[in-house]
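> Structure, please.
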Amino acid sequence: MAGTFRDIKADILGKITRGEWPPGSLLPAETELAETYAAARATVNRAMRELAEEGILERKRKSGSRVRLSPLRQARFDIPIARQEVEAQGRRYRYALVRSEVASAPDWLLARMALPQGAQVRHLICLHFADDLPWLHEDRWINLDLLPQARTADFRAAGPTEWLMAQIPFSAVEISISATSADTGLAAHLDCAEGTALLQMERLTRWDDRTVTLVRLVHHAGHRMTTRY
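Okay, here's the model as predicted:
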C-alpha cells in the first residue's frame, strides 16, 4: 500500500488496536515498514514519530520502536496569540505597551533563564484588551544575547509574541500554571480589586538549549483554559 504518512499512521494504529501488535511488542524496522508500505523511509518515520509524540509508541535509537505498555497521555498547549484568542470570541482586540526597557538581568532572572552574569534583557509590560476591557497582563523578558534585534524592535503597535514567532523557532517550552492574587499593580492594570484570585501562566521558551524568553501572563478573573490530549 502506497500512501501518505497519515495512511501509514492509521494502518499502524489499526494493527495496534486490533491486537496484531499488542502492548510491549517490537515493531518492524523503518526500512522494513517502508518496503511493506511501498513508501519512502521519511514518510514512515513521520508516521512513527507522530505515534510516539501521541504516547502510543516508545522509540529508542538502538532498540527500535515498541508499543507502549500503557499509552502516555500528554496535554498539549499551543502558544497563544492574544489577538487571535480575543477575535475568535467575536470581540474587539486592543493592545497597549505599558513599559519597555533594556536592562541587566537581575540575579533571579539570570538563574531562571540560565543566562551568564551581566546578560542584558529587553523587559516589556503589555496589556491586551477585549472590547476595551482588560483581558491579559503580559510581563516579558527577552534574551538580547540570543536576539540582539529585540533591543531596538518597536513593540508599540503589536505585542512581542507574534514578533518572536517570526524571528526564531523554539525547540523546547516549559509551562507552569498557578493561582495568584492581584497586587496593587495587577489590580490597576486588570481593573480588579486587590487580592482578587487570578490565573497565571509562566512560559519559558528555548532554542537549541538557550533561553529565548520568559513571560508571565496573568488573565482577568474568571478566565478559562482548555487543552487536549
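
> what about the most centrally placed residue in the chain, which SS state?
For the chain, residue 79 is the residue whose C-alpha lies nearest the centre (CA atoms, centre = their mean; 4.3 Å). Classification of residue 79 by DSSP: H, G, I helix; E, B strand; the rest coil places it in coil.

> What score does it have for pLDDT?
At residue 79 the predicted local confidence, pLDDT, stands at 77.

> for it, what are its contacts?
Contact criterion CB atoms under 8 Å, 6 or more residues apart in numbering gives 161, 165, 170, 173, 203, 205 as the residues in contact with residue 79. Bear in mind the C-beta positions are built from the backbone N, C-alpha and C, glycine included.

> ok, of those, which come out buried?
Buried by 16 or more other CB atoms under 10 Å: 161, 203, 205, out of those.

> does the first one belong to a helix or a strand, and which?
In this structure, residue 161 is located in helix 160-167 according to DSSP states H and E.

> what packs against that helix?
Where contact means 3 or more CB pairs under 8 Å, 6 or more residues apart in numbering; DSSP states H and E, helix 160-167 is packed against strand 133-143, strand 210-219.

> Look up how far residue 11 lies from the nearest residue in space to residue 43 that is not next to it in sequence.
Nearest-residue entry for residue 43: residue 5, 4.9 Å, with adjacent residues in sequence omitted and distances by CB to CB, 6 or more residues apart in numbering. Spatial separation of residue 5 from residue 11 under the definition CB to CB, to the nearest Å is 11 Å.

> Compare those two (neighbour count), which wins?
Taking other CB atoms under 10 Å, residue 5 and residue 11 do not tie; residue 5 has more neighbours (19 against 16).

> Kindly confirm whether my reading is correct that the more buried one touches residue 48.
No. Between residue 5 and residue 48 there is no contact, the gap being 9.0 Å when judged by CB atoms under 8 Å.

> one step back: now flag whichever of the contacts of residue 79 is closest to residue 185.
Closest approach between the contacts of residue 79 and residue 185, by CB to CB: residue 203, at 19.9 Å.

> Before I go, just wanted to say thanks for your time.
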